[in-house]
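Peer 1: Kindly generate the corresponding structure for this input.
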Amino acid sequence: MTAAPFIYRTTVRFSHTDPSATVYFPRFFEFVQAAAEDWFTIGLGIPFADMIRERGMGQPTAHLECDFTAPSFLGDVLDIAVYLVKIGRSSFELKFVGEAGGEPRFTARSVQVMVSFEDGKPIPLPGDIHAAMEAYRDAVDAPA
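Peer 2: Next up, the predicted model:
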């Protein structure tokens, strides 16, 4: 049996929308980043802020794409499922599936690269992070 994915829930605020109360498309990238941060902290048990502030590493985005299936509006509650598609030596790929009230709204995909803040160069995924990611990937099947 497959475990449920981590779900990031957010409410569409006025600041997320254009004058027609429709979410302005760049805001979806902010939603995806917030979902990824909470996935690390809550879903994997690895505090995102500690990686940056205490461990001196981060995950800049190397690639990010988003496909929209329906508009989202002021007041909508978005549930964003996070799936781990691929784990590399120093990178990983996430897929995000966003819904509101069970209705599909968007899918997004990102590739993140683990880097050291000392020199800005890629580093291997630390053992604890790699192990947590493998456990998540093995428990939660990513949709095609």
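Peer 1: Checking the residue nearest the centre of the chain next. Helix, strand or coil?
Peer 2: In the chain, the residue lying closest to the centroid (Cα atoms, centre = their mean) is Ala36, at 2.8 Å. Using DSSP: H, G, I helix; E, B strand; the rest coil, the structure places Ala36 in helix.
Peer 1: Can you list the low-confidence ranges for this protein?
Peer 2: Counting by pLDDT under 70, the chain contains low-confidence residues at 1.
Peer 1: residue contacts, His63?
Peer 2: The neighbourhood of His63, defined by Cβ atoms under 8 Å, 6 or more residues apart in numbering, consists of Arg109, Ser110, Val111. Just so you know, the C-beta spots here come from the backbone N, C-alpha and C atoms, and that holds for glycine as well.
Peer 1: List the contacts of the residue nearest to the centre of the chain.
Peer 2: Val82, Leu94, Phe96, Ser110, Gln112.
Peer 1: Check the residues you listed against Ser15 and report the nearest one.
Peer 2: Phe96 (20.5 Å; Cβ to Cβ).
Peer 1: beta partners of the closest residue to the closest one other than its chain neighbours?
Peer 2: Of all residues not flanking Phe96 in the chain, Ala108 sits nearest, at 4.3 Å (Cβ to Cβ, 6 or more residues apart in numbering). Beta bridges link Ala108 to Cys66, Phe96 when assigned by DSSP bridges.
Peer 1: Does Ala108 touch Phe68 like I think?
Peer 2: No - taking Cβ atoms under 8 Å as the definition, Ala108 is not a contact partner of Phe68, at 9.5 Å.
Peer 1: Compare neighbour counts for those two and give me the winner.
Peer 2: Ala108 (21 against 15; other Cβ atoms under 10 Å).
Peer 1: re earlier: okay, and the common contacts of Ala108 and Phe68?
Peer 2: What both Ala108 and Phe68 touch, as defined by Cβ under 8 Å, 6+ apart, is the set Phe28.
Peer 1: Tell me where the protein has strands.
Peer 2: For the chain, strands defined by DSSP state E occupy the ranges 6-11, 57-58, 61-68, 77-87, 91-100, 103-113, 115-116.
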